[in-house]
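Q: quick one, what's the 3D model for this:
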Amino acid sequence: MNKQNEKLILFRLKTKKDPESYGQVYDLYVERIYRFIYFKVSNKEDAQDITSEVFLKAWNYINEDKEIKSFSGLLYRISRNLVIDFYRAKAKQNEYFSNNIEIESEKSGEDISDDVHKRIETQKIIENLNKLKQEYKEVITLRFIDELKLTEIAEILGKGQVATRVLLHRALNKLKEISEK
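A: Next up is the predicted model:
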């Protein structure tokens, strides 16, 4: 969907509170938001629950007639906050988390050895990302996994564009340093 159609849908959503328009917005963003959350919680069921809650909170936010500069920014901010809440709740229950991430192959006919190599490589990348501090991990995820622009990332993180660019540069340098060890 191009930016014009997206803006039109968001306009209809803001002005008419149209559930059908919200369904279109949901379809547009649900995969990206789910992937963002899944990468942080590493559990399908928890990621699905949090994703649902994100869109429910966004719908409530829209119905409160609050100003929305960027809908994707709003969704990512809500996602970040809900992931933080998720880990706070888990910490209160004194549960410990493992960093085992289930990596699924999306191609059914893929050669098994290629699949194994991809899984190993992906696991190495995830392990290296997990060695980074949270801020670095988040900016790399937003930029390269969610493929967001620096302006969108800056808005999500509540930083200026220059500060975001510097943060991304430092994060990439640190990831490179970790990967070379």
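Q: list the buried residues for stretch 120-138?
A: Buried residues in stretch 120-138, defined by neighbour count with 16 or more other CB atoms under 10 Å: 126, 128, 129, 132, 136, 137, 138. Backbone N, C-alpha and C define where each C-beta goes, glycine included.
Q: distance from the chain centre to it, please.
A: 14 Å (CA atoms, centre = their mean, to the nearest Å).
Q: domains in this protein, by residue range?
A: 1-95, 112-181 (automatic domain parsing).
Q: name the SS class of the spatially most central residue of the chain, please.
A: The centre of the chain sits closest to residue 36, judged by CA atoms, centre = their mean, with a distance of 2.1 Å. Of the three states, residue 36 takes helix under DSSP: H, G, I helix; E, B strand; the rest coil.
Q: run through the residues that contact it.
A: Going by CB atoms under 8 Å, 6 or more residues apart in numbering, residue 36 touches 76, 79, 141, 142, 145, 146.
Q: residue 26 versus that one, what's the distance?
A: According to CB to CB, to the nearest Å, residue 36 and residue 26 sit 15 Å apart.
Q: worst-scoring helix or strand of the chain, pLDDT-wise?
A: Within the chain, no helix or strand scores below helix 3-16, which has a mean of 70 by mean pLDDT, DSSP states H and E.
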